[in-house]
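[1] Any chance you could fold what I've pasted below:
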Amino acid sequence: MEEAMRLASGILVWMIALMVLAVVIFQAIKFILLAKDAGKEIGMAKHEINSALKTGAITAIGPSFAIIIVALSLIPFLGEALTLMRIGIIGSAPIESVGASLGANAYGTELGSAGFNTQAFTAVVWTLCLGGAGWLLFVALATKSMNKLEKKVINKNEKNKKIMMVVATAAMVAAFGNLASAEMVKGMEYIVAVLVASVSMFILTALADKLQRNWIREWSLGLSILVSLVVGYFII
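    Residues are numbered from 1 along each chain as shown. Coordinates of the predicted model:
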């Protein structure tokens, strides 16, 4: 009976995983089309839009490695189907690992232990899905309203437009600064890795400006992440 329930649960999770994957692919295509339309509205040339899309695709390679590592670490405990489903809507790689551990602990066991049964697995699934639901609901319900609010603020006067640019830049710096500082407090090795990535980014950007090579700018983030990973591997 338990084996049949486990088989049925596995099939259901695989079906959900494939559905989520299809949604993610649809979202990616839709976002690209929306980005192209937005670029045309603000007067960007076709080659500028294509260059921006290429840069975004390239810079997504580096952060994807962290998600791949998390996926490989979760597969032995949660299986391929659930991991695939979580990868589709993963918001933060560490949160997925922590969420899985919290779900198992709430049931009274640990990931990979002898007491990790079907009920514990179900607790982990609910923990991960409910934990990520907030982000999805906020994006679905608030994105359009936030876009209207931004346009309303910007269209009032030129000063507001400049303020919004400063706020957007500050938010991005704060987000990446928060992520970097969270790693730097772990020790000198992490500080070195962050500094190496920062210096690499600065050098590549300056090199792109000096040589007038746009491809260097496009690959700058990916290359700086790669350099810091190599240095971090030998240091940490």
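
[2] Would you mark the buried spots in the helix or strand containing residue 47?
    Using DSSP states H and E, residue 47 maps to helix 46-59. Within helix 46-59, the residues that qualify as buried by neighbour count (16 or more other CB atoms under 10 Å) are 49, 51, 55, 58-59. Bear in mind the C-beta positions are built from the backbone N, C-alpha and C, glycine included.

[3] Which elements pack onto the helix or strand following that helix?
    Later in the chain than helix 46-59, the nearest helix or strand by DSSP H and E is helix 61-88. Contacting helix 61-88 under the criterion 3 or more CB pairs under 8 Å, 6 or more residues apart in numbering; DSSP states H and E are the following elements: helix 2-41, helix 93-107, helix 118-154, helix 214-235.

[4] The second one: how far from the chain's middle?
    If I follow you right, that is helix 93-107. Computed by CA atoms, centre = their mean, to the nearest Å, the separation of helix 93-107 from the middle of its chain amounts to 18 Å.

[5] quick check: angle from it to helix 118-154?
    Relative orientation of helix 93-107 versus helix 118-154 (axes from the mean of the first three to the mean of the last three CA atoms, to 10 degrees): 140 degrees.

[6] what comes up buried for helix 93-107?
    93, 95-96, 99-100, 102-104, 107.

[7] and which of those residues is nearest to residue 143?
    residue 95 (20.9 Å; CB to CB).

[8] quick revisit: looking at the helices and strands packed on helix 61-88, spot the one closest to residue 166.
    helix 118-154 (12.4 Å).

[9] That closest one packs against which elements?
    So helix 118-154, by 3+ CB pairs under 8 Å, 6+ apart, packs with helix 2-41, helix 61-88, helix 93-107, helix 158-184.

[10] CA atoms of the third one as CSV?
    Only the C-alpha atoms of helix 93-107 are listed here, as CSV (Å, rounded to 0.1, in the frame of the first residue of the first chain):
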residue,chain,number,x,y,z
ALA,A,93,19.3,28.5,-3.7
PRO,A,94,20.1,28.5,0.0
ILE,A,95,16.4,29.0,0.9
GLU,A,96,15.5,25.8,-0.9
SER,A,97,18.0,23.8,1.1
VAL,A,98,17.0,25.4,4.4
GLY,A,99,13.3,24.9,3.6
ALA,A,100,13.8,21.2,2.9
SER,A,101,15.6,20.8,6.2
LEU,A,102,13.0,22.8,8.1
GLY,A,103,10.2,20.7,6.6
ALA,A,104,11.9,17.5,7.6
ASN,A,105,12.7,18.8,11.1
ALA,A,106,9.1,19.9,11.6
TYR,A,107,8.1,16.3,11.1
